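*Asks:* sequence first, predicted coordinates after that:
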Amino acid sequence: MTPSYSRGARGEVYRYYVSSAASRLDRVSGRAIEGQLASAFARLLPGLADPLEAIVRVQLAEGELIVSVPTKLARTLKRQLAQGETAAPCPTDSGLHELCLPASFGARHARATIRPAAVSAGRRDPVLIKALRSAHALVEQGRTGAPLITMVPAGRYERRLLRLAFLSPQIQRAILAGRQPAALKLEDLVRNSMPANWEAQQAWIDRLTC
């Protein structure tokens, strides 16, 4: 997205971020998105004079804002996370962590608005979360930060568990935040053949839980 603005009938300036591609969120209120980020980062990084300067990249995804920050700030961030927020290593850049902030997008007067999303409690599955962390302990990080296998685990269960480290970042974030389908169980993930393509993985999970 690129910054843009328009003027109202009385000369008011309205700032937006405009997408260069066709999207449901083709124009987002600059004041709304910056206001939410400023509020969140004042809490997450209270020691910085301007916490927003720590932001490397912001992505708008379904139900969340994905904010990339330097990995050196991850420990401080994780101590301040609120319910529904997660922070994990960026799968494509070992120097970054991805912070996921629940958000809700809606259209008003042909402009997309953004607001904090209500977080539903009780959906986090400790078994799934523990298995996901165990899977990452079985792999190393390559130069790009993506998971890398250097030694195949000896145990059959560990070899099945390993595949969880190669789930798409979106699916992994959903599990950590408790937004995975309620019917999804660990056995579904380790006993069924998982596609390597990230987009195909989401359709695969939908079939497992339908």
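*Replies:* Done, it's in.
*Asks:* for this structure, what's the longest helix?
*Replies:* Counting by DSSP state H, the longest helix found in the chain is helix 30-44.
*Asks:* buried ones in that one?
*Replies:* For helix 30-44, a neighbour-count test (16 or more other C-beta atoms under 10 Å) marks Gly30, Ala32, Ile33, Gln36, Leu37, Ala40, Phe41, Leu44 as buried. In this view, the C-beta of every residue, glycine as well, is placed from N, C-alpha and C.
*Asks:* then stretch 160-179?
*Replies:* 160-162, 164-179.
*Asks:* mind checking the pLDDT average for it?
*Replies:* For stretch 160-179, the mean pLDDT works out to 85.
*Asks:* immediately after the helix or strand of the chain with the lowest mean pLDDT, which helix or strand?
*Replies:* Every helix and strand in the chain was compared by mean pLDDT, DSSP states H and E; the lowest is strand 111-116, with a mean of 50. Remark: after strand 111-116, the chain's next helix or strand is helix 126-137, criterion DSSP states H and E.
*Asks:* how far does that next one sit from the chain's center?
*Replies:* 17 Å (C-alpha atoms, centre = their mean, to the nearest Å).
*Asks:* state the mean pLDDT of it.
*Replies:* 88.
*Asks:* which residues are contacting that helix?
*Replies:* Applying C-beta atoms under 8 Å, 6 or more residues apart in numbering, the set of residues contacting helix 126-137 from outside is 147, 161-165, 167, 172, 175-176, 180, 184-186, 189-190.
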